[in-house]
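>>> the sequence and its predicted three-dimensional model are supplied below.
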Protein chains: 2
Amino acid sequence: MNELPPAGDFELLARGVRPRQNARLRLWLRLLSTTKLVMQEIRRRLRVEFDATLPQFDLLAQLYREPEGLRLGELSRRTMVTNGNITGLADRLEADGLIRRETLEADRRVTVARLTRKGRDAFMTMAKAHEGWIRELMADLNDDEIDVALARLASVKNSARSALGRIGE
Amino acid sequence: MNELPPAGDFELLARGVRPRQNARLRLWLRLLSTTKLVMQEIRRRLRVEFDATLPQFDLLAQLYREPEGLRLGELSRRTMVTNGNITGLADRLEADGLIRRETLEADRRVTVARLTRKGRDAFMTMAKAHEGWIRELMADLNDDEIDVALARLASVKNSARSALGRIGE
DNA sequence: TATTGTTATACTCTATAACTATA
DNA sequence: TATAGTTATAGAGTATAACAATA
């Protein structure tokens, strides 16, 4: 198999740039390439084995955690998919019989989506397979490495959230 | 700003599953949500400020590092974009005058793409802005955290590559 | 008037397979 | 025959804005 080349790091080639200043950039590029590597394989398997996409899987996962269902707006926020696109995503899943949408009588503007029994079963099957794939792809990591990585990624995420919050204000 | 909910971790809800076994899965879900969070912002800014996409930026970055240019096949491998889609990506960039494709006379099956002067200038501007965005989004991290994160991500990537290599064999 | 969700639109990406030309 | 790249096609994701129903 071909050895993949190192990711981006293009700025390191620029004149007079000190590596220390580019650590954040390198981190981002590595985050991106690592995620893309794993994501493409997961996407491929979801498609081949379940005819599903990652955003669909994500939406189902959110609903799986909430037996009461979720408003589409909340679903939109959790999946980071815009409101307009949640509709299309939900359309496909509803057409497949995996979710059901119902108008909330207390406030008829609100629509709540929840898993059908079929959707729950389908998701559990997918989630189990998915878990196995990840175990396979992350097989070489030991527990300590995983813990450290988890903690560092939490920091990265918090930093980004905080920066985005400052922008959104 | 709204506090985002924790990512997936749906299996933790399943009965009888021990957290220790799910560390890999949690790591992947966090990797995915963290990347998505940053990626959406980067994509948005690339689009708004430069009318560019991330795959386009990535392609330009690869060429920037190779003044001699790259074969489309090599470009395909480095950007993790399939051969057929590299053509369309290159079409748009060539139409914008950012890259140029030339047939290699030594082997007329081969096409080499390289940045035009305009492409080089455009990329440098974009890369500089991009670097600033990342610095902003990663502002809360200190140097040690970054180094550790870089190292752990390298492990993750190596593990995935190694697993994919086993699959590809 | 503000909010929730839908519709409409446009573009890009992603994946696969068939095809052309060159070797 | 094999390789490099293109073309064709289909489907989905992504983003924006306008819109309808409801509050």
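Cool, got the structure.

>>> just the strands in chain A please.
Assigned by DSSP state E, the strands in chain A fall at A:70-71, A:99-103, A:111-115.

>>> wait, does the second one make contact with DNA strand C?
Yes. Judged by C-beta under 7 Å from any atom of the strand, strand A:99-103 and DNA strand C are in contact via A:Arg101. Where you see a C-beta, it was placed from the backbone N, CA and C, and this is true even at glycine.

>>> next, the angle from that strand to strand A:111-115.
Angle, strand A:99-103 to strand A:111-115, by axes from the mean of the first three to the mean of the last three C-alpha atoms, to 10 degrees: 150 degrees.

>>> now the helices for chain A?
A:23-50, A:54-64, A:72-79, A:83-95, A:117-137, A:143-168 (DSSP state H).

>>> state the distance from the spatially most central residue of chain A to chain B.
Residue closest to the average C-alpha location in chain A (C-alpha atoms, centre = their mean): A:Asp58, at 6.2 Å. From A:Asp58 over to chain B the distance is 7 Å, taken as C-beta to the nearest C-beta, to the nearest Å.

>>> check A:Arg77 too.
Look at A:Arg77 and chain B: by C-beta to the nearest C-beta, they are 6 Å apart.

>>> near that residue, how many other residues are there?
Applying other C-beta atoms under 10 Å in any protein chain shown, we find 17 other residues in the vicinity of A:Arg77.

>>> interface residues of chain A facing DNA strand C?
Chain A comes close to DNA strand C at residues A:40, A:43-44, A:47-48, A:71-73, A:76, A:83-88, A:90-91, A:101, A:109-112, as judged by C-beta under 7 Å from any atom of the strand.

>>> in stretch A:66-83, what counts as buried?
Judged by neighbour count using 16 or more other C-beta atoms under 10 Å in any protein chain shown, the buried positions of stretch A:66-83 are A:Glu66, A:Gly69, A:Leu70, A:Leu72, A:Glu74, A:Leu75, A:Ser76, A:Arg77, A:Arg78, A:Thr79, A:Val81.

>>> nearest to DNA strand C among the residues you listed?
Taking C-beta to the nearest atom of the strand as the measure, A:Leu72 is the one of the buried residues of stretch A:66-83 closest to DNA strand C, at 3.9 Å.

>>> which residues touch the closest one?
Neighbouring residues of A:Leu72 by C-beta atoms under 8 Å, 6 or more residues apart in numbering or on different chains: A:Asn83, A:Ile86, A:Thr87, A:Ala90, A:Arg101, A:Thr111, A:Val112, A:Ala113.

>>> noted, bye for now.
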